[in-house]
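Trainee: Here is the input, now give the coordinates:
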Amino acid sequence: MTDLVSALFLLGGAVFTLIAGMGLHRFDDVFARMHAAGKSSTFGLALVLCGAAIRLGDAGATARLVLVWCLAVITIPAGVHVIARAAWRAGSELSERTLVDDD
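Mentor: Here you go, the predicted model:
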């Protein structure tokens, strides 16, 4: 039973990571691409790490996986923010398909 649950978590993580890759390919400007990659890949990593923790079943390995997740939750948004700030300062243009809501 744990193998099935683990496989479902791993598959779900792979799907979210695939969605992140599709967002990188589909979207036109750097800001939309960052949003797609940052959100989906973080959640995909969380699912993969949960699947690995369930599959391993060891408290030590689970603690290390939780540490990896905590570091990823801190560094991925920070990295996305740094890239967005650099793109903004460099004058990166929004795509004409990007909608802006100033309200």
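
Trainee: Give me the residue at the spatial middle of this protein.
Mentor: The residue lying closest to the centre of the chain (C-alpha atoms, centre = their mean) is residue 41, at 1.8 Å.

Trainee: quick one, what contacts residue 54?
Mentor: Shown in contact with residue 54 (C-beta atoms under 8 Å, 6 or more residues apart in numbering): 2, 5-6, 9. C-beta here means a position set from N, CA and C on the backbone, and glycine is covered the same way.

Trainee: where do the helices sit along the protein?
Mentor: Assigned by DSSP state H, the chain shows helices spanning 2-26, 30-56, 59-89.

Trainee: most neighbours per residue, which of those?
Mentor: helix 30-56 (a mean of 19; mean count of other C-beta atoms under 10 Å).

Trainee: Would you enumerate the residues in contact with the residue nearest to the centre of the chain?
Mentor: 16-17, 20, 76.

Trainee: before we move on, the earlier item: so which of the contacts of residue 54 comes closest to residue 30?
Mentor: residue 9 (31.0 Å; C-beta to C-beta).

Trainee: Go ahead and confirm the closest one touches residue 51.
Mentor: Yes: here residue 9 reaches residue 51: they are 3.1 Å apart, a contact under C-beta atoms under 8 Å.

Trainee: Convert stretch 64-76 to CSV, retaining C-alpha atoms only.
Mentor: Only the C-alpha atoms of stretch 64-76 are listed here, as CSV (Å, rounded to 0.1, in the frame of the first residue of the first chain):
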residue,chain,number,x,y,z
ARG,A,64,16.9,15.1,5.5
LEU,A,65,14.1,15.3,2.9
VAL,A,66,12.2,17.8,5.2
LEU,A,67,15.4,19.9,5.4
VAL,A,68,15.8,19.8,1.6
TRP,A,69,12.1,21.0,1.3
CYS,A,70,12.7,23.8,3.8
LEU,A,71,15.8,25.0,1.9
ALA,A,72,13.9,24.8,-1.4
VAL,A,73,10.9,26.8,0.0
ILE,A,74,13.3,29.5,1.1
THR,A,75,15.6,29.6,-2.0
ILE,A,76,13.2,29.1,-4.9
